[in-house]
Structures are given as C-alpha cells and as structure tokens.
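K.L.:
Provided below are the primary sequence and the corresponding predicted coordinates.
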Amino acid sequence: MNKYAERLYNGTIKENPTFVMMLGMCPTLAVTTSATNGLGMGLASSAVLVLSNFLISLLRKVIPDKVRIPAFIVIVASFVTMIQLLIQGYLPSLNASLGIYIPLIVVNCIILGRAEAYAYKNTPLLSAFDGLGMGLGFTAALTILGACRELIGAGTIFDKAIPFLSNFEPMTIMIMAPGAFFMLAILTALQNKFKAPSATNTGSQKSSLACNGNCASCIGSECKENHMAIEKEKEEAEAAEKERKLKAAQEKAKMKQEGSEQ
Amino acid sequence: MKEMFVILVGSALVNNVVLSQFLGLCPFIGVSKRTETAAGMGAAVIFVMTIASTVASVIYTFILDPLDLEYLQTIVFILVIAALVQLVEMILKKKMKSLYNSLGVYLPLITTNCAVLGVALTSVQKNYNIGQSVINGVGTAVGFMIAIVIMAGIRERIEHNNITKSFQGSPMVLLTAGLMAIAFIGFSGLL
C-alpha cells in the first residue's frame, strides 16, 4: 500500500483516536449533542492537526529536544487561535454552539500526542497525511456519536426530521450531559463484548505493572500504584540479597570451622 | 457578596466542571480508584486552579486587555498555566516538603488538565473581574473535588459487585458518571 494511503487508513480505522485509542474524550463528550456540532468540532480539530503536524515536522531539526513540548504547545495554540478567529468570522452559529471548546482544542491530547509520536520523527508531507487521517477518524467518530445522540435525543439528524420516526417520542436525556456518558458507556461495553481492539480491553495481564503496561490508555494515574509495586519489588529483592549474604557468611564460617577441625 | 455566592454555587454545583461541562474527565476517570488518592488529586486541583485563575485574570486585566491583545489569550493562558504548575512544584519541593509529599504526584498531571485552562477562558468569556475570577476558580475546583471524591467512594463499592463482563471497567464508571450527572442536573433549580 502507498505509504500516504497507509497513514490515512491508520488514522481513520486502525488507530482511530476516539474508538480505538480513547483519546480526546473531553470534546468528544461535550460537543456531540448534535451531528452538526460533532462535524464542526471534528473539522476544526482536523485543520489544527494537519497544520500543526506539518509545521512541527518542518521544524523538527530546529526545535531543541528539551523544550519540544512547550514549543509544540505554542505552535498548536497559534493554529487554534487562527481557526477560532476564522470560525468566529464565518460561522458565528457554530462558534456559539461550540463556545469554549474551540480554544480547548489546544489541550486535546490527540494533537500533542501525534506531534510527539509522529510529526517529530517523520517528514513533513507524511506528517500532514498522518494528521489528516487522524483528523478524519476523529471527525467521523464525532459525527457518528453526534448523529446517534441527536437521533435518540431529538429525533432528528443534521437538524432534519426523520419522516418515518414521526411517532417517536425523543428521549431528551440523550442530548443533555448524562446522555454523553451513557452513549460512551454503551459504546465501550459493545467494544468489550465483541472484543474489538480498543484502549479499554487490550494489553491486559501481559505485564506485572499496575497499569498492565498499557501505555495507550495510561494517563499517568497509575503511576503511584506502579511506584508502590516497584518499591515493594525492590524491598523484596533487598531482603533476598541480605538473606543470601547471610547464608553465604554462615556457610563460610561453617567451612572454616570444618577446616580447623580437620 | 450575594453575587459572589451565586458564582461560587453556580460553578461548584450547577455547572459542575466534570459532570456538566466535561472538562477534566481524564483525571476524573483515571484517579478515582481510591478515595484517598481522589481527595489528594482534588486538593491539588483546588490549589493549582485558584492560583492559575488568579494569575490568568491578572494578566488579562492588566496586560492583554489594555494592549488590545485579547486574541492571544489561548496561547498566553496555556503557557502561563504550564509554567505556573512547574514553578509551584519546584517551590513546594524546596519549601514545603510535607505538602509536596501529599500533592506532588498529582501536580504534573494537572498541567494537561483542560479544566484549568477552561476556567481561565470561561472567566474571560463571562467578563468577570479579578475577584469574581478567583471565586469562579475556587468554585470550579471545589466542584471537581466533590465529583471525584463521590466517584471514588462509589467505585470502591462497585468493586465488590458482580457486573456483567462487558460492562466491567470503564463502561461501568461512565454509567456511574452519567447517573451522577443526572443527580447534578437537580441543582439547576438552585439559582
């Protein structure tokens, strides 16, 4: 497969940021009250992803290794500001419904994650395609989730009423805040049920670390438990070492005693 | 005074940062396995968010607003918050060892917590002055702590229950969060 097409496939299906990697959950839950909002948020994030991946990849030999994260953040924040101003100017209704979540694209972990994991190590064009693939995957996921919630919660899709659903009494809870949690809970449960690859059900029981060595789903929260596990291991190793030394010393003493007896 | 109280209750309960605005979900789901760690995380968030919203508001009122540089707010806020968390960590490590031991693990996690940036941006969006922004920050952080501690308490109980296999782990946590969100909607009649 062409390596550019492979990047697109990787982002949209194999490592879909929402369904498989479970990244960027805050915007996913917050803006998917309707298919239109999901689509708008997805496209805005995609634009930022493509542009920031491209620029970071261009600058990858200039940025010193030690300050790369702040540098990434500045680049991403600049693009987010540009996109925000464009949306404010040309799509005021989308701006009103997305509100504070547009500037919060800066802290979306997909963007920093791709910059660190891909763009910093690869050529500009490939990185741009990687960003495009990830962005499309994110857009598709948000639109699907938004459409599902809108369909159940309001009986419409893209603000258009579904003709044969005219008798359907919409469950308003699905477009309110709790609906987002329910939707995602059902989705992850289905993934678990069908053993679809996802951050919530891969890599279990492979490692003795508290997080199962599953870096994709780790958000640092397991660190404390890992530290405790590692410290316990160290203590045990030290105790074993002490015991071994003690035994060796005892044996030496015994040998000496035997030697003197002979 | 009354207005301040309304902002405090509004940001802590009515517009709860996790359950109705979906900010700071990662630590909410990740660090809520045990009540003590959840309380530690909550305390760290209160600490950082109070300082961060104060500093962000001061910078906005005295630098960005007079110079007509409002469009730089996203870049400035994220950098200020990241630098601030580093600084707080260094100061705590040097000067207040005991506080560092109890909160230190959580501080690096907060830098990427979108709730901190979210509060700074909401305060600007709602045209709060410095005092109101600080109250907004404190209220939001208290709301975060309330939510995460309740969540941790529920999760400790859930652990002993027999849950259908496909709902074990994060689906169950998300369902619990959804039920909590329904409960928090009840606060919307408060104001």
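P.N.:
Good, I have the coordinates. Numbering: from 1, shown residues only, chains lettered A, B, ... in the order given.
K.L.:
Which parts of the stretch 51-200 of chain A are strands?
P.N.:
Here the stretch 51-200 of chain A has its strands, by DSSP state E, counting those that start in this stretch, at A:156-157, A:160-161.
K.L.:
and residue 152, what does it touch?
P.N.:
Looking at chain A here, since you left the chain open. Neighbouring residues of residue A:152 by Cβ atoms under 8 Å, 6 or more residues apart in numbering or on different chains: A:170, A:171, A:174, A:179. For glycine as for every other residue, the C-beta is placed from the backbone atoms N, C-alpha and C.
K.L.:
oops, I was thinking of chain B
P.N.:
Contacts of residue B:152 (Cβ under 8 Å, 6+ apart): B:32, B:33, B:34, B:35, B:37, B:38, B:39.
K.L.:
okay, those residues in JSON lines with distance to chain A, secondary structure and pLDDT next?
P.N.:
Conversion of those to JSON lines gives the following (distance: Cβ to the nearest Cβ, whole Å; DSSP: H, G, I helix; E, B strand; the rest coil; pLDDT from 0 to 100):
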{"residue": "B:32", "distance to chain A": "9", "secondary structure": "coil", "pLDDT": "82"}
{"residue": "B:33", "distance to chain A": "8", "secondary structure": "coil", "pLDDT": "81"}
{"residue": "B:34", "distance to chain A": "9", "secondary structure": "coil", "pLDDT": "82"}
{"residue": "B:35", "distance to chain A": "14", "secondary structure": "helix", "pLDDT": "86"}
{"residue": "B:37", "distance to chain A": "7", "secondary structure": "helix", "pLDDT": "81"}
{"residue": "B:38", "distance to chain A": "10", "secondary structure": "helix", "pLDDT": "85"}
{"residue": "B:39", "distance to chain A": "13", "secondary structure": "helix", "pLDDT": "87"}
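K.L.:
circling back to that earlier point, as JSON lines, the strands of the stretch 51-200 of chain A with distance to residue B:85 and mean neighbour count would be great.
P.N.:
Formatted as JSON lines, the strands of the stretch 51-200 of chain A follow (distance: least, Cβ to Cβ, whole Å; neighbours: other Cβ atoms under 10 Å in any protein chain shown):
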{"stretch": "strand A:156-157", "distance to residue B:85": "42", "mean neighbour count": "16"}
{"stretch": "strand A:160-161", "distance to residue B:85": "46", "mean neighbour count": "10"}
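K.L.:
hang on, the earlier thing: pull out the buried members of the contacts of residue A:152.
P.N.:
Buried by 16 or more other Cβ atoms under 10 Å in any protein chain shown: A:174, A:179, out of these.
K.L.:
So which of the contacts of residue A:152 reach chain B?
P.N.:
Contacts with chain B are made by residue A:179 out of those, judged by Cβ under 8 Å from any Cβ of the partner chain.
K.L.:
export the contacts of residue A:152 to a markdown table and tack on pLDDT and distance to residue B:102?
P.N.:
Shown next, in a markdown table, are the contacts of residue A:152 (pLDDT from 0 to 100; distance: Cβ to Cβ, whole Å):
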| residue | pLDDT | distance to residue B:102 |
| --- | --- | --- |
| A:170 | 83 | 47 |
| A:171 | 85 | 44 |
| A:174 | 86 | 40 |
| A:179 | 90 | 37 |
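K.L.:
So which of the contacts of residue A:152 sit within helices?
P.N.:
Among those, DSSP state H puts residue A:179 in helices.
K.L.:
just curious, which of the contacts of residue A:152 is nearest to chain B?
P.N.:
Chain B lies nearest to residue A:179 out of those, by Cβ to the nearest Cβ, at 7.5 Å.
K.L.:
The closest one against residue A:153, yeah?
P.N.:
Yes - assessed by Cβ atoms under 8 Å, residue A:179 is found in contact with residue A:153 at 5.9 Å.
K.L.:
Find residues that contact each of these two.
P.N.:
Joint contacts of residue A:179 and residue A:153 (Cβ under 8 Å, 6+ apart) are A:171, A:173.
K.L.:
got the contacts of residue B:152 as a markdown table, with distance to residue A:99 and neighbour count columns?
P.N.:
Compiled in a markdown table, these are given as follows (distance: Cβ to Cβ, whole Å; neighbours: other Cβ atoms under 10 Å in any protein chain shown):
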| residue | distance to residue A:99 | neighbour count |
| --- | --- | --- |
| B:32 | 27 | 26 |
| B:33 | 32 | 19 |
| B:34 | 34 | 15 |
| B:35 | 33 | 17 |
| B:37 | 32 | 19 |
| B:38 | 29 | 24 |
| B:39 | 31 | 15 |
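K.L.:
List just the nearest of those to residue B:169.
P.N.:
Distances from residue B:169 to the contacts of residue B:152, taken as Cβ to Cβ, are shortest for residue B:33 (11.2 Å).
K.L.:
so what's that closest one closest to, chain neighbours aside?
P.N.:
residue B:155 (6.2 Å; Cβ to Cβ, 6 or more residues apart in numbering or on different chains).
K.L.:
check which helix or strand covers that neighbour.
P.N.:
Per DSSP states H and E, residue B:155 falls inside helix B:130-158.
K.L.:
Touching the next helix or strand after that helix from outside, list them.
P.N.:
Following helix B:130-158 in sequence order, the next helix or strand is helix B:170-185 (DSSP H and E). Defining contact as Cβ under 8 Å, 6+ apart, one finds that helix B:170-185 is touched by A:173, A:176-182, A:184-186, A:188-189, A:192, A:200, B:13, B:16, B:18-20, B:28-29, B:32, B:147, B:150-151, B:154-155, B:158, B:163, B:167.
K.L.:
between helix B:170-185 and helix B:130-158, how many degrees?
P.N.:
Relative orientation of helix B:170-185 and helix B:130-158, computed by axes from the mean of the first three to the mean of the last three Cα atoms, to 10 degrees: 130 degrees.
K.L.:
buried stuff in helix B:170-185?
P.N.:
B:170-178, B:180-182, B:184-185.
K.L.:
can those go into TSV with extra columns for pLDDT and distance to residue A:66?
P.N.:
Shown next, in TSV, are the buried residues of helix B:170-185 (pLDDT from 0 to 100; distance: Cβ to Cβ, whole Å):
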residue	pLDDT	distance to residue A:66
B:170	80	35
B:171	85	40
B:172	88	41
B:173	88	36
B:174	89	38
B:175	91	43
B:176	92	41
B:177	92	38
B:178	92	42
B:180	92	41
B:181	92	41
B:182	92	47
B:184	90	42
B:185	88	46
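K.L.:
which other helices and strands contact the helix or strand harbouring residue B:116?
P.N.:
Taking DSSP H and E as the criterion, the element that holds residue B:116 is helix B:114-125. Where contact means 3 or more Cβ pairs under 8 Å, 6 or more residues apart in numbering or on different chains; DSSP states H and E, helix B:114-125 is packed against helix B:35-59, helix B:73-95, helix B:130-158.
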